[in-house]
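[1] I'll drop the sequence and a predicted model, then ask my questions.
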Amino acid sequence: MKILYVINTLNIGGAEKLLVDIIEKLDDLNYKIGVYFLNLENTFLLNRLLSTKVHIYKSHFSFYSPIHIYNIIKYAKEYDIIHANLFPSLYWVALARVFLNSKVKLVYTEHSTYNKRRGKRFFAYVEGFIYSRYDKIIAISPQVRESLISWVALSQKIEMIENAIDVHKYQNAFPYNRTMFKIQNGSVIILMSARFTLAKDQATLIRAFALLNQNNNVVLILVGEGPLKKDCIVLASQLGLQKSIFFLGAREDIPQIIQMSDICVLSSHWEGFGLVAIEYMAAGKPVIASDVPGLNDVVRGAGVLFEAGNVHDLFVKLQSLIVNADYRREVSRRCEKRSMRYDISRLVSSYVNLYKSL
């Protein structure tokens with residue numbers, strides 16, 4: 001079986017990390033794998049792919065250039081399955097279908113419960129056509145499946161396969177010494193690892209942290225890059241938090257940083273799943289997450305949920321974990337147990353079964 005994945009780039013994000021994890025496992029099983037990138041940047045995720053037998057096809061055109069249709073058609077001749085991820089790869093693969101051999105099967109993974117296109121009626125007709133070109137659509141959570149069905153009504157094509165991670169990589173990571181980051185031993189470290197985008201809402205966490213920061217032994221680490229990072233740095237400065245918030249940028253050593261931390265947060269406005277919450281849990285950390293579709297299914301009953309965008313609610317939940325060590329340990333125990341549901345080996349088996357069925 002020969003599988004060609006199509007994705008926009010390898011910037012640091014949940015969908016990108018998940019794809020690399022899947023490819024590494026399939027490479028170990030000796031499947032022929034190729035990846036076509038709409039625009040390829042040099043990141044540590046690319047370095048991981050370069051250590052495999054995967055065939056890499058790259059373009060340096062704009063994400064929105066129709067030339068991608070031609071490239072996909074050209075490379076698809078060698079593959080049985082084309083599996084697309086994210087917009088606009090979603091569109092280019094669907095439009096390439098017109099020129100592809102009918103024996104080539106198309107799969108798309110839907111990663112989110114929401115995007116800006118769903119607020120415009122015109123796109124309901126366009127995307128009804130686009131999604132219908134695929135033989136199977138994978139939804140990464142029940143909420144993603146439900147929201148997609150309400151959008152394009154293709155329930156017979158949509159299969160739910162929940163996201164996953166390499167749980168053992170986070171369980172077994174060795175924590176960094178805090179002095180590497182000039183953080184005093186005994187400090188409580190709060191961590192959020194996510195791209196700085198509207199969906200992730202680091203600003204609410206920064207404002208809640210400002211209420212906590214009257215206690216000088218609490219610090220906040222924010223890992224990631226993105227268009228709203230500068231705004232968050234300005235906000236931290238306005239609140240006088242420059243010395244207690246650490247902006248670490250994009251990192252490939254996330255497991256070690258999570259293990260070094262005490263409390264982990266994901267304060268998203270919306271999520272399809274919230275893969276990073278599972279990473280936190282696998283490391284045995286107490287998780288606080290916003291109560292939004294997709295993410296709340298992962299966290300409820302294990303970690304702690306707060307009302308999305310509610311600074312005071314997040315502050316109260318953080319304070320409870322900081323001052324009550326027994327409560328923090330209990331939440332940590334529940335989170336680690338929950339993470340075992342989401343090991344990557346189960347997901348890969350489900351993908352292989354879906355490909356074989358096609």
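    Yes, it's here.
[2] Backbone dihedrals for the closest residue to V104 other than its chain neighbours, please?
    Nearest residue to V104 in three dimensions, chain neighbours excluded: A76, at 5.7 Å (Cβ to Cβ, 6 or more residues apart in numbering). Placement of C-beta: from N, CA and C, glycine included. A76 adopts backbone torsions of phi -70, psi -20, taken as degrees, to the nearest 10.
[3] A76 touches L4, doesn't it?
    Yes - using Cβ atoms under 8 Å, A76 is in contact with L4, at 6.1 Å.
[4] got any residues that touch both of these two?
    I82 (Cβ atoms under 8 Å, 6 or more residues apart in numbering).
[5] Now stretch 53-61: average pLDDT?
    Taken as a whole, stretch 53-61 carries a mean pLDDT of 92.
[6] typed the wrong thing, it's stretch 117-134
    Averaged over stretch 117-134, pLDDT sits at 92.
[7] what residues does it touch?
    Contacts to stretch 117-134, defined as Cβ under 8 Å, 6+ apart, come from residues 84, 87, 90-91, 93-95, 97, 106-108, 137, 148, 151-154, 157.
[8] quick revisit: next one: the residue nearest to V104 from D135, what distance?
    Distance, A76 to D135, using Cβ to Cβ, to the nearest Å: 14 Å.
[9] who's more crowded, the two?
    A76 (23 against 16; other Cβ atoms under 10 Å).
[10] Return the residues in contact with the residue nearest to F99 when sequence neighbours are not counted.
    Nearest residue to F99, sequence neighbours excluded (Cβ to Cβ, 6+ apart): I73, at 5.0 Å. The contact partners of I73, taken as Cβ under 8 Å, 6+ apart, are 96, 99-100.
[11] Okay, buried residues for the host helix or strand of I73 please.
    In this structure, I73 is located in helix 67-76 according to DSSP states H and E. In terms of neighbour count (16 or more other Cβ atoms under 10 Å), helix 67-76 has its buried residues at 68-69, 71-73, 75-76.
[12] Give me the average confidence score over it.
    On average, helix 67-76 scores 96.
[13] burial measure for A308, as a count.
    A308: 20 neighbours (other Cβ under 10 Å).
[14] and it, which of the three is it?
    Taking DSSP: H, G, I helix; E, B strand; the rest coil as the rule, one finds A308 in the coil state.
[15] do the same with the one 5 residues further on
    For D313, the reduced secondary structure class is helix; criterion used: three-state DSSP.
[16] That one: what's it in contact with?
    By Cβ under 8 Å, 6+ apart, D313 lies in contact with 306-307.
[17] In strands only, show me the contacts of stretch 117-134.
    Mapping those onto strands (DSSP state E) picks out 84, 106-108, 137.
[18] Save these as JSON lines, and put in neighbour count and distance to V218 too.
    As requested, the ones in strands among the contacts of stretch 117-134 are exported to JSON lines (neighbours: other Cβ atoms under 10 Å; distance: Cβ to Cβ, whole Å):
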{"residue": "A84", "neighbour count": "26", "distance to V218": "43"}
{"residue": "L106", "neighbour count": "21", "distance to V218": "49"}
{"residue": "V107", "neighbour count": "23", "distance to V218": "45"}
{"residue": "Y108", "neighbour count": "26", "distance to V218": "42"}
{"residue": "I137", "neighbour count": "25", "distance to V218": "43"}
